[in-house]
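Participant: here are the coordinates; sequence isn't available:
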């Protein structure tokens, strides 16, 4: 009886949702299928198949996993600048996006661990939030079909590489062993290249910014970040204007690595595995 009542309630909620989205231009599925009982079997089969490939693990599973041959990859869910503690509040995620959780899982593991920081040759952001190097001119030049304006996530925004923001992110997550730089091929779409190496900002607090004359050269990583501090930092960043350094096309990756004081482990020049190039760390 409980399941019958629950089913009736869910059917009512589904009918309201279908009515709301049926004519929405961004709906990519046939919403009538959502009212088809056969869909239940499809969902069950899909999750059953997923269950053969993905599972939650306990300590015993973790020991077996670490003792097996091969490489284990831990992938972060969000960018470091969205971290709940170090991110530019209030437009952050409610989770830790640094290496901290992976480090906890690797406690007691005696094998080699390599930390890779992944970033594009340019910066992107969905929705609201501070974005010092955003440039609307780049949006039509660097389209990403899978990153359009989805409604709930907000507008997809594009900007120039920001050495200050990336160095801050690297410091927040404790550094990396190497960088994986993607979208190198996308640079060919741009008539000229530049990287932000400083900000101008009216009298920024020294507790948050490292200054050289009238220019901000670095963002200080707080030892103990807290919400109000990060919120105030965001307010100051909104007052900053980027200072750009022109970069030769052939020297872009090397220049970025130099500005970030990092070695490059991988560069990606396209969408397939054949377009990836490894570099000796």
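Facilitator: Looks like it arrived, so ask away. All values reported here derive from a predicted model rather than from experimental measurement.
Participant: who are the neighbours in contact with the residue nearest the centre of the chain?
Facilitator: Nearest to the mean C-alpha position of the chain, by CA atoms, centre = their mean, lies residue 79 at 3.1 Å. Neighbour list for residue 79: 97, 169 [criterion: CB atoms under 8 Å, 6 or more residues apart in numbering]. No exception for glycine: its C-beta is placed from N, CA and C like everyone else's.
Participant: Next: residue 96.
Facilitator: 83-85.
Participant: Which of those sits closest to residue 42?
Facilitator: Using CB to CB, the shortest approach to residue 42 within the contacts of residue 96 belongs to residue 84, at 35.5 Å.
Participant: since we're on the closest one, how many residues are nearby?
Facilitator: For residue 84, the count of nearby residues is 17 (other CB atoms under 10 Å).
Participant: Hmm, residue 93 and it touching each other?
Facilitator: Yes: if you go by CB atoms under 8 Å, residue 84 and residue 93 touch, sitting 6.2 Å apart.
Participant: quick one on the thing from earlier: distance to residue 228, pLDDT and secondary structure added to the contacts of residue 96, as a markdown table?
Facilitator: Formatted as a markdown table, the contacts of residue 96 follow (distance: CB to CB, whole Å; pLDDT from 0 to 100; DSSP: H, G, I helix; E, B strand; the rest coil):
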| residue | distance to residue 228 | pLDDT | secondary structure |
| --- | --- | --- | --- |
| 83 | 16 | 94 | coil |
| 84 | 14 | 93 | coil |
| 85 | 12 | 93 | coil |
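Participant: same for the host helix or strand of residue 125, what does it pack against?
Facilitator: Assigned by DSSP states H and E, residue 125 belongs to strand 123-126. Judged by 3 or more CB pairs under 8 Å, 6 or more residues apart in numbering; DSSP states H and E, strand 123-126 is in contact with strand 156-159.
Participant: ok, back up a step: in a markdown table: the contacts of residue 96, plus distance to residue 280.
Facilitator: Formatted as a markdown table, the contacts of residue 96 follow (distance: CB to CB, whole Å):
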| residue | distance to residue 280 |
| --- | --- |
| 83 | 30 |
| 84 | 35 |
| 85 | 34 |
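Participant: What's the first helix or strand after the longest helix along the chain?
Facilitator: The longest helix of the chain (DSSP state H) is helix 2-21. As assigned by DSSP H and E, the chain's next helix or strand after helix 2-21 is helix 38-51.
Participant: Give me the distance between that next one and the centre of its chain.
Facilitator: 29 Å (CA atoms, centre = their mean, to the nearest Å).
Participant: Tell me the helix or strand right after it.
Facilitator: helix 59-67.
Participant: Other residues contacting that following helix?
Facilitator: 55, 57, 72, 105-106, 109, 111.
Participant: hmm, 6 Å instead?
Facilitator: residue 109 (CB atoms under 6 Å, 6 or more residues apart in numbering).
Participant: ditto for stretch 238-255
Facilitator: Outside stretch 238-255, the residues touching it (CB under 6 Å, 6+ apart) are 130, 132-133, 181, 193-201.
Participant: now with 7 Å?
Facilitator: 121, 130, 132-133, 160, 162, 181, 184, 187, 192-202, 215-216, 264, 267 (CB atoms under 7 Å, 6 or more residues apart in numbering).
Participant: Give the buried residues for that stretch.
Facilitator: Residues of stretch 238-255 classed as buried: 240, 242, 247, 252-253, 255 (neighbour count, 16 or more other CB atoms under 10 Å).
Participant: the strands in this protein, which residues?
Facilitator: Ranges of strands within the chain are 116-120, 123-126, 156-159, 161-162, 178-182, 193-200, 209-212, 215-219, 241-247, 264-268, 276-278, based on DSSP state E.
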